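*Asks:* build the 3D model from these lines:
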Amino acid sequence: MPAFHRIGVLAHPLRPVTIPLAQEITRSLQNNGIDTWIRTAWDAVYIEPLVQGTDLIIAIGGDGAMLRAARLCAPEGIPVFGINTGHLGFLTEISPEDWVSSLDMLLNQNFWIEERMMICCEIWRGDQNVASSNALNEVVISRGAVARSIRLETYIDGGWTTTYHCDGLIIATPTGSTAYALAVGGPILPPELKNILVVPVAPHLSMDRPMVLAQGAAVEVIIEPHTLSEVVLTLDGELLAQMQAADRCLVRASDSVSRFVRLRDRNYFYRSLLDRLEPRVSRPRPIQDDPRSPDADK
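*Replies:* Next up is the predicted model:
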């Protein structure tokens, strides 16, 4: 596994506590002879030129920071290492207090790279592509501020599937299955899968079950031509575009994949997930240590 020669450190612009941590990490890397740059503002215009030729990005923040860093780095194949200063931290790898020992592991190449699929979203208005981008979590087509359902004609691999009458439609990756899709009753998919998940939000008298599509499937969603409601499309929680009646949204697996640096065991996902879903449930003790065991006094 090649060594890191150039590393970028991204602090969270809305969490001042991340800035001194980013500065400490930068000094430590530079003292180890590694070319290191640091940014404390998420301005893609200034960050993108720095990313090219970088071997690793260290993102400090929560899952939002990891999503932004992943979208930035995926086209260049650059891995991301996350330090959690957020809430859940599904995508991050370590806590801030562990950064010194973790940095030693990185520099000694004691890590592995996890790859996760992304999806590509395109919005078409007639024959014009009005917006496109990649997502690591999900694409969400939803109603605007007015509490009025929208109708979404949905096609899978070119064939009409159903018309959703709903508040919104989530089209997610396995990574996104533990985000918004999970909150509205979708299934949990392990991150190594390459399937797309489709989950309606508050469907009314229409298909109400989540669907896990075959690997390689493509989804097309058309805003019903007579729609008067405001419709918005968000990508990983960020607004991509306002949609109009008869607009089409095409979603398929992206050519880019996100790469994350992992220090934990390769089977970390389920334990990490359950620790967050059931934080009060502790690991069972071995039978021989259980005082209720008939053999406890032997």
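
*Asks:* after the longest helix anywhere in the chain, which helix or strand is next?
*Replies:* Longest helix in the chain by number of residues, with DSSP state H as the criterion: helix 18-31. Following the chain from helix 18-31 toward its C-terminal end, the next helix or strand by DSSP states H and E is strand 35-39.

*Asks:* quick one: buried residues of that next one?
*Replies:* Taking 16 or more other Cβ atoms under 10 Å as the neighbour-count basis, strand 35-39 is seen to contain the buried residues 36-39. The C-beta positions use only the backbone N, C-alpha and C, and glycine is treated the same way.

*Asks:* got TSV for those, with distance to Leu10 too?
*Replies:* TSV is the format used below for the buried residues of strand 35-39 (distance: Cβ to Cβ, whole Å):
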residue	distance to Leu10
Thr36	12
Trp37	10
Ile38	8
Arg39	6
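
*Asks:* now the strands for the stretch 101-250 of the chain?
*Replies:* Using DSSP state E, counting those that start in this stretch, the strands of the stretch 101-250 of the chain run over 112-125, 128-135, 138-143, 150-156, 159-166, 168-172, 197-201, 211-212, 219-223, 231-235, 238-243, 248-262.

*Asks:* skipping adjacent residues, who's closest to Ile94 in space?
*Replies:* In this structure, Ile94 finds its nearest non-sequential neighbour in Ser102, 4.9 Å apart by Cβ to Cβ, 6 or more residues apart in numbering.

*Asks:* quick one: contacts for the one you found?
*Replies:* Counting by Cβ atoms under 8 Å, 6 or more residues apart in numbering, Ser102 touches 93-94, 263.

*Asks:* circling back to that earlier point, now render the buried residues of strand 35-39 as TSV, adding pLDDT.
*Replies:* What follows is the buried residues of strand 35-39, written out as TSV (pLDDT from 0 to 100):
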residue	pLDDT
Thr36	97
Trp37	96
Ile38	95
Arg39	92
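
*Asks:* what lies in contact with stretch 206-214?
*Replies:* 156, 161-166, 181, 185-187, 189, 195-200, 219.

*Asks:* what mean pLDDT does it have?
*Replies:* In this model, stretch 206-214 has a mean pLDDT of 95.

*Asks:* between the buried residues of strand 35-39, which is nearest Ile150?
*Replies:* Arg39 (38.2 Å; Cβ to Cβ).

*Asks:* can you name the residues bridging to that closest one?
*Replies:* Listed beta-bridge partners, Arg39: Leu10 (assigned using DSSP bridges).

*Asks:* tell me who's in contact with the residue nearest to Ile25 when sequence neighbours are not counted.
*Replies:* Nearest residue to Ile25, sequence neighbours excluded (Cβ to Cβ, 6+ apart): Val9, at 5.5 Å. Shown here is Val9, whose contacts under the criterion Cβ under 8 Å, 6+ apart are 22, 25-26, 29, 36-39, 57-58, 60.

*Asks:* same thing but 6 Å
*Replies:* By Cβ atoms under 6 Å, 6 or more residues apart in numbering, Val9 lies in contact with 22, 25-26, 38, 58.

*Asks:* what of Arg248?
*Replies:* Counting by Cβ under 6 Å, 6+ apart, Arg248 makes contact with 124, 222.

*Asks:* so, low pLDDT: which residues of the chain?
*Replies:* Residue ranges of the chain with pLDDT under 70: 1-2, 45, 279-298.

*Asks:* try it again at 90.
*Replies:* 1-3, 12-17, 40-50, 52, 86-89, 144-148, 226-229, 271-298 (pLDDT under 90).

*Asks:* can I see the domain layout of it?
*Replies:* Recorded structural domains for the chain (assignment: automatic domain parsing) are 6-111+263-277, 117-256.

*Asks:* and the spatially closest residue to Gln52 that is not a sequence neighbour, how many neighbours?
*Replies:* In space, and not counting its chain neighbours, Gln52 is closest to Glu76: 6.3 Å by Cβ to Cβ, 6+ apart. The local packing of Glu76 (other Cβ atoms under 10 Å) involves 14 other residues.

*Asks:* how close does Glu76 get to Ala3?
*Replies:* Relative to Ala3, Glu76 is positioned 18 Å away (Cβ to Cβ, to the nearest Å).

*Asks:* what do you get for Tyr270?
*Replies:* When Cβ to Cβ is the yardstick, Tyr270 and Ala3 sit 31 Å from each other.

*Asks:* repeat that for Phe111.
*Replies:* Distance from Phe111 to Ala3, by Cβ to Cβ: 12 Å.

*Asks:* circling back to that earlier point, okay, and which of the contacts of Ser102 map to strands?
*Replies:* Helix and strand membership here follows DSSP state E; of the contacts of Ser102, not one is in strands.

*Asks:* can you list those in TSV and add distance to Val17 and neighbour count?
*Replies:* Compiled in TSV, those are given as follows (distance: Cβ to Cβ, whole Å; neighbours: other Cβ atoms under 10 Å):
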residue	distance to Val17	neighbour count
Glu93	18	24
Ile94	15	18
Leu263	22	16
